[in-house]
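Q: here you go, sequence then predicted model.
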Amino acid sequence: MNEFPAGKNPGQDGGTNSGELLELAVRVAREAAATARRMRAEAIDDVETKSTATDVVTAADKAVERQVVEALRAMRPGDGILGEEYGSSEEPLPGAVRWILDPIDGTVNYLYGLPQYAVSLAAEVDGAVVAGVVVNAATGDEWTATLGGGAWRGDRRLSGSTPSGLGQSLVGTGFGYDARRREHQGRVLAGLITQVRDIRRFGAAALDLCAVAEGMLDGYYEKGLNPWDWAAGGLVATEAGVVVAGLNGAAPGAEMLVAASPAVFGPLHDALAALDAAGGA
């Protein structure tokens, strides 16, 4: 990733050039990841819950989001921001940029010290994500993409995997926090696991999508994702040639997101549809 020209912040004029937006996103996300790492090393305190007793949010989530919001507003005050903790959900004006932020994707991993949590930041224009970065804050690994510009891990362009079929596929998933939803998701998992090579559950949707883009997973599915969970990772996957969609022609979203290499997407989609993966609570 190129350094910023002296005396100029990329995108500070309010433009929508995807390359400039990505440069800004990378810088801000790297700084946010450093804050998350530092706070994890110092202490985990002020743990609260959100939707259920198992849905945790830490002081670091809030601090990291405030840092990113302040940085973006200082450099691009006219942009909108949709964040998990504080960002406004107001729809932006036509042609304007909206940033979609997950300050710490994988908060439970963060809480337990598992090295699978990320800062995810995407730039959206007129409903389309045009630039995105996912930084594994624990390891410093970084995935980037621009619309039409490909997906990258560092200097290596990503192109997904090429499994021979669903039966030879390693598939990732995630679970909701509501017990009723988990019960349904458990039944779906029990029906799917006999049809695939194996299942993995890493606990951070953005990183799961980047794993599919890189070929570390052949597919991934989950119900209940929010825009900040998959905006940047979804672009990385799509630009790597991965199919990202919902079930039965629906767009990816809260009802279901399925991401898989083209050879696997069809049979994985059909298996999930037959198991009513989008159903339940």
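A: Structure's in. What do you need?

Q: quick one, helices of the stretch 151-281 of the chain?
A: If DSSP state H, counting those that start in this stretch is used as the criterion, the helices of the stretch 151-281 of the chain fall at 179-192, 205-214, 227-239, 262-274.

Q: the stretch 1-150 of the chain now?
A: 18-42, 59-75, 107-112.

Q: please give me every residue in contact with the residue nearest in space to the middle of the chain.
A: Centroid-nearest residue in the chain, with C-alpha atoms, centre = their mean: Ala206, separated by 2.6 Å. Contacts for Ala206 (C-beta atoms under 8 Å, 6 or more residues apart in numbering) come out as Asp102, Asp105, Ala118, Ser120, Val134, Asp229, Trp230, Ala232, Gly233. Heads up, the C-betas are built off the backbone N, CA and C, glycines and all.

Q: I'd say the first one and Glu84 touch.
A: Yes: counting by C-beta atoms under 8 Å, Asp102 does reach Glu84; the two are 5.4 Å apart.

Q: out of the two, which sits in the busier spot?
A: Neighbours were counted for Asp102 and for Glu84 using other C-beta atoms under 10 Å; Asp102 has more, 33 against 22.

Q: so how far is stretch 102-115 off the chain centroid?
A: Centroid separation for stretch 102-115 versus its chain: 13 Å, with C-alpha atoms, centre = their mean, to the nearest Å.

Q: next one: stretch 209-222
A: Between the centre of stretch 209-222 and the centre of its host chain there is 11 Å, according to C-alpha atoms, centre = their mean.

Q: could you do stretch 256-276 as well?
A: The answer for stretch 256-276 is 19 Å, by C-alpha atoms, centre = their mean.

Q: pull out the buried residues from that stretch.
A: Buried residues in stretch 256-276, defined by neighbour count with 16 or more other C-beta atoms under 10 Å: 256-261, 263-265, 267-269, 271-272, 275.

Q: between those residues, which is closest to Thr144?
A: Here the nearest of the buried residues of stretch 256-276 to Thr144, counting by C-beta to C-beta, is Ala259; it sits at 17.1 Å.

Q: that closest one pairs with what?
A: Tyr220, Val244 (DSSP bridges).

Q: mind checking how far it is from Val243?
A: 7 Å (C-beta to C-beta, to the nearest Å).

Q: compute the first-to-last residue distance for stretch 114-128.
A: Using C-alpha to C-alpha, to the nearest Å, the end-to-end distance of stretch 114-128 comes out at 32 Å.

Q: I'd like the mean pLDDT over that stretch, please.
A: Stretch 114-128 shows a mean pLDDT of 97.

Q: show me what Arg153 is bridged to.
A: On the basis of DSSP bridges, Arg153 is bridged to Trp143, Arg156.

Q: do you know how far it is from Thr35?
A: 22 Å.

Q: same thing with Arg73?
A: 17 Å.

Q: again, but for Ala71
A: 11 Å.

Q: which residues does Met216 contact?
A: Applying C-beta under 8 Å, 6+ apart, we find Met216 in contact with no residue.
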